[in-house]
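J.: sequence unavailable; structure follows:
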């Protein structure tokens, strides 16, 4: 179906053809007053095929090639006499550089709506603190036009509830917002939500979230306005500060609820459940969370609720037990999944498969699955990637002088020495996207 802007451009071509005295066949073809094919409408512009055409004068005869162009459905048109010289054969087309920045441009959409207010988060599990957030979103919206979008993140430690269960519980907990809670598999990241709002014709968007995430969201979503979506204004508003030491709504969080579930402390857990949910339903949610977390096999607080065990999270990070170069992680605030290209003191620089770079605190990320790789192969591939990506302070690959052979069968002899360039290239071929973000490294460093 033609867009509105494409229709306008084609109207310009019609006007041009009319001024030249050409007649159309109704399918984009144009003929002069002698019935000879002259031009076609292509991409909204007139394209002339008989280069020697002189409107209103004696015309030279068209060549067979020019005549064939006026009948593209004929057999002869399917095979022109001479191959076009300006187009390379399919096998000769240049290959795309996987590390080249992606040129992004939002599709043109007629803006017919005002401002959409959005809340995007994990809600795993939902709490009384989230009730305050949802109420703030509703009050901040224009004429009640808002959506609540739970993320699709799920894992046993930080996101024990699956999305369908989580949405069902939220609609029970917050009946006044139930119709605004969206359960759409396509909304995996905040970008997915914004792109949909753009396609729905919204002129502006307003994102409401915790004060601790306001700066992160503001920078990220505004950086890609005009590239992935187009709004006149993208506002990020705080729903208020949190006090982790408080026993009331301001201190309630999903981290506290997961901690209470892991400790089998239902009384503490029940304090974080809104009054709209019965004690029986709260107990059922409590048991479901414990079952999903599989606490019977043991657990670590820094993995379940890093906010309450920052010391051990930091210690495991420094020892490189978690979040190493080349591994894939998901940001739990906005949902983006990327490969780690740099480790900071307590943060990571990551790049998505689409070359979108983002920065995350280590408390806000979780290990994620590698795309297009079978689960049984992930451990072996990650082990190889970790070895390849180990570097010293000067940026040299550690072990470059080691003459240790790999244990990978079927590897050519010149690719078996760990630390060599050939082995690095081989392992990268096994790790999908291991070169992601290479163009970002040192991009912003002062010379």
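T.: Everything's here; your move. In this text the structure is predicted, and so the values were computed from the model without any measurement.

J.: helix or strand right after the lowest-mean-pLDDT helix or strand in the chain?
T.: Least confident helix or strand of the chain, by mean pLDDT, DSSP states H and E, is helix 75-78 with a mean of 36. Following helix 75-78 in sequence order, the next helix or strand is strand 113-121 (DSSP states H and E).

J.: who's in contact with the following helix or strand past that following strand?
T.: Next along the chain after strand 113-121, taking DSSP H and E as the criterion, comes helix 128-140. In this structure, residues lying in contact with helix 128-140 by Cβ atoms under 8 Å, 6 or more residues apart in numbering are 117-119, 121, 123, 144, 146, 148, 170, 173-174, 176-177, 180, 206, 208-210, 237, 239-240, 242, 249-254, 272-274. Where C-beta positions appear, they are placed from N, C-alpha and C, glycine not excepted.

J.: what do you get for stretch 235-244?
T.: Contact with stretch 235-244 is made by 129, 132-133, 136-137, 140, 204-212, 214, 217-218, 221, 250-251, 253, 256, 307-308, as judged by Cβ under 8 Å, 6+ apart.

J.: give me that answer again for 7 Å
T.: By Cβ atoms under 7 Å, 6 or more residues apart in numbering, the list of residues contacting stretch 235-244 from outside reads 132-133, 136, 140, 206-212, 214, 217-218, 221, 250-251, 253, 307.

J.: what comes up buried for it?
T.: 235-239, 242 (16 or more other Cβ atoms under 10 Å).

J.: of these, which pair is most distant in space?
T.: Farthest pair in the buried residues of stretch 235-244 (Cβ to Cβ) is 235 and 242. Separation: 20.7 Å.

J.: so what's residue 221 up against?
T.: Listed by Cβ under 7 Å, 6+ apart, the contact partners of residue 221 are 190, 194, 207, 234, 236.

J.: list just the nearest of those residues to residue 315.
T.: Set against residue 315, the nearest of these by Cβ to Cβ is residue 190 (30.8 Å).

J.: state whether that closest one and residue 120 are indeed in contact, as I suppose.
T.: Yes. Between residue 190 and residue 120 a contact is recorded at 4.9 Å, counting by Cβ atoms under 7 Å.

J.: would TSV of the contacts of residue 221 with distance to residue 278 be doable?
T.: Shown next, in TSV, are those (distance: Cβ to Cβ, whole Å):
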residue	distance to residue 278
190	33
194	36
207	32
234	40
236	36
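
J.: just the buried ones from these?
T.: Buried members of these, scored by 16+ other Cβ under 10 Å, are 190, 194, 207, 234, 236.

J.: return the backbone torsion pair for residue 299.
T.: Taking degrees, to the nearest 10, you get phi -160, psi 160 for the backbone angles of residue 299.

J.: count of neighbours near it?
T.: Burial measure for residue 299: 18 neighbouring residues, criterion other Cβ atoms under 10 Å.

J.: mind listing what the closest residue to it other than its chain neighbours touches?
T.: Leaving aside its sequence neighbours, residue 299 sits nearest to residue 262 (Cβ to Cβ, 6 or more residues apart in numbering; 5.3 Å). Listed by Cβ under 7 Å, 6+ apart, the contact set of residue 262 reads 293, 295, 299, 304.

J.: so which of those residues is the closest to residue 336?
T.: residue 304 (22.4 Å).

J.: any idea how far residue 206 is from residue 123?
T.: Separation of residue 206 from residue 123 (Cβ to Cβ, to the nearest Å) stands at 19 Å.

J.: what about the two, which has more around it?
T.: Taking neighbours as other Cβ under 10 Å, residue 206 and residue 123 compare with residue 123 leading, 27 against 21.

J.: which one is residue 347 nearest to, not counting chain neighbours?
T.: Closest residue to residue 347 apart from its sequence neighbours, by Cβ to Cβ, 6+ apart: residue 361 at 5.3 Å.

J.: go ahead and confirm residue 170 touches residue 127.
T.: No. Residue 170 is beyond contact range of residue 127, at 10.4 Å (criterion: Cβ under 7 Å).

J.: give the contact list for residue 332.
T.: 122, 153, 158, 364-366.

J.: what are the contacting residues of whatever helix or strand residue 289 lives in?
T.: According to DSSP H and E, residue 289 maps onto helix 279-293. Residues from elsewhere that reach helix 279-293, judged by Cβ under 7 Å, 6+ apart: 125, 156-157, 160-161, 165, 169, 172, 258, 261-262, 266, 269-270, 273, 299, 304.

J.: looking at that helix now, give me its mean pLDDT.
T.: For helix 279-293, mean pLDDT rounds to 93.

J.: again, but for stretch 357-375
T.: In this model, stretch 357-375 has a mean pLDDT of 76.

J.: end-to-end on stretch 143-161?
T.: End-to-end distance of stretch 143-161 (Cα to Cα, to the nearest Å): 32 Å.

J.: residues making contact with it?
T.: Residues from elsewhere that reach stretch 143-161 (Cβ under 7 Å, 6+ apart): 115-125, 134, 137-138, 162-163, 166-167, 170, 177, 180-182, 185, 187-188, 193, 288-289, 292-294, 303-304, 330, 332, 335, 366.

J.: got the residue ranges for the helices in the stretch 251-400 of the chain?
T.: All helices of the stretch 251-400 of the chain, identified by DSSP state H, counting those that start in this stretch, fall at 254-262, 266-270, 279-293, 301-304, 310-318, 375-389.

J.: these: which one's closest to residue 29?
T.: Residue 29 lies closest, by Cβ to Cβ, to one member of these: helix 375-389, at 54.9 Å.

J.: any idea how far residue 155 lies from residue 342?
T.: Residue 155 sits 24 Å away from residue 342, going by Cβ to Cβ.

J.: residues near residue 21, how many?
T.: 11.

J.: so which strand or helix has it?
T.: Secondary structure (DSSP H and E) places residue 21 outside all helices and strands.

J.: residue 168 too?
T.: Taking DSSP H and E as the criterion, residue 168 maps to helix 163-173.

J.: just the strands in the stretch 151-300 of the chain please.
T.: Remark: strands assigned in the stretch 151-300 of the chain by DSSP state E, counting those that start in this stretch are 202-209, 233-238.

J.: pLDDT on stretch 189-198, on average?
T.: 96.

J.: domain parsing for this structure?
T.: According to automatic domain parsing, the chain comprises the domains 4-73, 111-302, 309-367, 375-431.
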